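> Pasting the sequence and the predicted coordinates here, then a few questions.
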Amino acid sequence: MAQNKSRLDFLLALTDYFHGHYEDLGWGRLPASQILIAVAINELSSRISDAGLRSQIQDASKQVVAKNAASIVQR
């Protein structure tokens, strides 16, 4: 139960962050915002009942995080 509460708190925090930012046409293109989007997608995908599709989405979102984190570290 505590894990579900922490997941909900996490999603609410992301929602608060996204509020207003997604309206900016340039938002979401920087590595840090790409990571936030991918983390949100990964978390939301945990609710998909099809295990194969859920795994594909989570794998893709993890790749986005890794690629963008590496670009931040290289700076």
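Sure, I can see it.
> Quickly note the distance from Arg54 to Val73.
28 Å (C-beta to C-beta, to the nearest Å). Yep, even glycine has a C-beta here, placed from its N, CA and C like the rest.
> For the two, indicate the residue with more neighbours.
Arg54 (15 against 8; other C-beta atoms under 10 Å).
> so where does the more buried one fall, helix or strand?
For Arg54, the element it lies in under DSSP states H and E is helix 51-74.
> In that helix, which residues are buried?
Within helix 51-74, the residues scored as buried using 16 or more other C-beta atoms under 10 Å are 57-58, 61, 64-65, 68.
> Among those residues, which one sits closest to Ser33?
Taking C-beta to C-beta as the measure, Ser33 sits nearest to Asn68 out of the buried residues of helix 51-74, at 8.9 Å.
> Tell me the pLDDT of the nearest residue to that closest one once chain neighbours are set aside.
What sits nearest to Asn68 in space, not counting adjacent residues and going by C-beta to C-beta, 6 or more residues apart in numbering, is Pro31, at 3.9 Å. We have a pLDDT of 91 for Pro31.
> Sweet, I'm off.
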